[in-house]
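> model this:
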Amino acid sequence: MTTTRTRYVIQPVPAEALADVRRTGRDASGQPPERCCAEGGEPLRCCLRDATPGEPLLLFGYAPPLPPGPYREVGPIFAHAVDCPGPADPTAYPPDWRGRPQVLRAYDRRGRIVGGRRHDGDDPEAVVAELLADPAVDRLHSRNVVYGCWMFTVVRG
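Purely as a prediction, here's the structure:
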C-alpha cells in the first residue's frame with residue numbers, strides 16, 4: 001500500500017503584520033499591543049512554538065487572513081516583541097503543538113466557513129489532508145479549542 005502525504009504550508013502571522021504592529025503601536029482593532037513577559041507556554045504565532053519564561057512578548061488583536069466579509073474576525077494572539085526567525089519548517093505541523101487539541105476551520109475562496117474538524121493533536125496531518133481533499137476548501141485556520149484564538153493558517157503546498 002502506498003501512502004501519499006498531502007502537501008501543505010503552515011503560515012504564521014505574517015512578518016509584515018507584526019512589523020506594522022511594532023511600528024505603529026496599533027493592532028487590528030486600533031488598540032496598542034500589550035507588552036508582557038512570558039510566563040512560559042504562551043503559543044507564539046510568529047514562530048509557532050510555546051514561549052519560554054522571560055521572553056518579551058506582545059499580546060494584540062489580529063485579523064487572520066480572509067477576504068473582507070462577515071467571517072473575518074479579530075482575536076488575541078501572542079508574538080515575540082522583537083523579530084524572530086519564524087517557524088523552523090513551514091511544511092510540518094508545529095512540534096510544540098503536537099498532542100494539543102485544536103479545531104481546523106475550513107474556508108472557501110470567499111472567506112466563508114465550509115466545514116471543519118476538531119482533532120486531538122496526535123495525527124493532525126490526517127485531518128489537514130481530509131479537509132484539504134475538498135476542492136471547495138481554500139484554507140484552514142487552526143484554532144485553540146478553549147479560547148477560539150487563531151493559531152495559524154494552512155494552505156495547499
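
> In three-state terms, label residue 59 for me.
State at residue 59, reduced to three classes by DSSP: H, G, I helix; E, B strand; the rest coil: strand.

> how far away is it from residue 21?
According to Cβ to Cβ, to the nearest Å, residue 59 stands 11 Å off from residue 21. For the C-beta atoms, the positions are set from N, CA and C on the backbone; glycine is no exception.

> Over to residue 76?
For residue 76, the distance to residue 21 - Cβ to Cβ - is 12 Å.

> related to what we said a few turns ago, and residue 59 and residue 21? Which one has more around it.
More crowded of residue 59 and residue 21, by other Cβ atoms under 10 Å: residue 21, with 20 against 15.

> gap between the more buried one and residue 65?
For residue 21, the distance to residue 65 - Cβ to Cβ - is 15 Å.

> and what of residue 137?
15 Å.

> Please, where are all the helices along this structure?
Assigned by DSSP state H, the helices in the chain fall at 15-24, 124-132.

> which of the residues in the shortest one are buried?
Applying a neighbour-count criterion of 16 or more other Cβ atoms under 10 Å, the buried positions in helix 124-132 are 124, 127-128, 130-132.

> before we move on, what about stretch 67-81?
Buried residues in stretch 67-81 (16+ other Cβ under 10 Å): 71, 74-81.
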